[in-house]
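Novice: Requesting a structural model of the entry that follows:
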Amino acid sequence: FPEMARTLKLILAYALVSAAKSDGGHSHPSPSYGLPDLRAEASEIVEEIDPIARLAVNIPGGGIPGEDYPILASVPDTGFRCENMDLPGYYADTSYDAGCQVFHICQDDFHLDSFLC
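Specialist: The predicted model follows:
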């Protein structure tokens with residue numbers, strides 16, 4: 001048995017050395033798990049689209065920004081006042097200038113916080 005054990009050890013050692021040499025000792029992980037990396041191509045496509053169309057791509061449900069709904073950079077002064085509300089809470093601003101893109105939170109002390117949707 002000692003001769004057979006020695007032979008098996010040599011075969012095992014040879015197999016391990018051969019396997020290590022065949023793949024360079026380690027393997028490199030694939031950064032994309034085999035799928036193509038399309039980020040560079042996608043950024044080139046987005047650069048070709050005008051800024052308004054770029055907004056439309058990110059909004060589900062369709063519509064044209066600036067035509068079907070406003071493009072507001074900040075909350076417009078629409079005259080909404082918490083003092084005019086009976087209860088504290090969340091309120092949609094239905095004024096023309098808000099264009100259904102503004103909502104307000106009225107606190108217990110009539111403090112007003114306003115946000116864009």
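
Novice: Can you give me the neighbour number for Ala56?
Specialist: Ala56 has 15 neighbours, counted by other C-beta atoms under 10 Å. Just so you know, the C-beta spots here come from the backbone N, C-alpha and C atoms, and that holds for glycine as well.

Novice: Return the residues in contact with it.
Specialist: Counting by C-beta atoms under 8 Å, 6 or more residues apart in numbering, Ala56 touches 62-65.

Novice: then whichever strand or helix holds it to CSV, C-alphas only?
Specialist: Using DSSP states H and E, Ala56 falls within helix 51-57. Extracted in CSV, the C-alpha atoms of helix 51-57 (Å, rounded to 0.1, in the frame of the first residue of the first chain):
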residue,chain,number,x,y,z
PRO,A,51,-33.4,67.9,-22.7
ILE,A,52,-37.2,67.9,-22.8
ALA,A,53,-37.3,64.5,-24.5
ARG,A,54,-34.8,63.2,-21.9
LEU,A,55,-37.4,64.1,-19.2
ALA,A,56,-40.2,62.3,-21.0
VAL,A,57,-38.1,59.1,-21.2
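
Novice: Next secondary structure element downstream of it?
Specialist: Toward the C-terminus, helix 51-57 is succeeded by strand 89-92 as the next helix or strand (DSSP H and E).
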